[in-house]
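J.: here is a sequence together with a model predicted from it:
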Amino acid sequence: MALILIADDSPSEVYVLKKILEKYNHQVITAEDGEQAVELATSENPDLVLMDVVMPKLNGFQATRRLSKAAETQHIPIIIVSSKNQETDKLWGKRQGAKGYLGKPVTEALLIDEINSLLKGEDNE
């Protein structure tokens, strides 16, 4: 079981992701913009972050860059989950520090596989 931060400004998207994660016994905390995501990741130290790109205040690319560059949060893997799904978006997301990039709508199997591959080796059972 892991603590996962969902950063997305869409309540329906948060609901869908949260339901999937809770089905696999993960704990979930949520942020509705990039600024809040950075604050929560710093204070709560989640095991993983699911980051949308198009959000108010600080977009997902900016928030990902901040988290991956800060000493206290750079160990947290970030998966960008976005409707911005062009190859250039994926490349840019990885350059900002994301470990994974999934296009919306994401399937449960793909999401869980990506999360499990990034969390393997950690003691989350």
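T.: Arrived safely, thanks for sending. For clarity, every value in this text was computed on a predicted model and none was experimentally measured.
J.: CA atoms for contacts and neighbours, from now on please.
T.: Will do.
J.: just say helix, strand or coil for the residue positioned nearest the centre of the chain.
T.: Nearest to the geometric centre of the chain sits L50, at 1.4 Å (CA atoms, centre = their mean). Secondary structure of L50, reduced to three states by DSSP: H, G, I helix; E, B strand; the rest coil: strand.
J.: ok, it - contacts?
T.: L50 makes contact with I4, L5, I6, A7, I78, I79, I80, V81, according to CA atoms under 8 Å, 6 or more residues apart in numbering.
J.: out of these, who's nearest V14?
T.: V14 lies nearest to I6 out of the contacts of L50, by CA to CA, at 6.9 Å.
J.: and the closest one, how far from T88?
T.: 23 Å (CA to CA, to the nearest Å).
J.: any idea of the mean pLDDT for stretch 22-34?
T.: Throughout stretch 22-34, pLDDT has a mean value of 97.
J.: one more: stretch 57-71?
T.: For stretch 57-71, the per-residue pLDDT averages 97.
J.: how far is it from where the chain is centred?
T.: Relative to its parent chain, stretch 57-71 has a centroid offset of 11 Å by CA atoms, centre = their mean, to the nearest Å.
J.: hmm, who's touching that stretch?
T.: 33-35, 37-38, 41, 51-54, 73-76, 78, 80, 92-93, 96-98.
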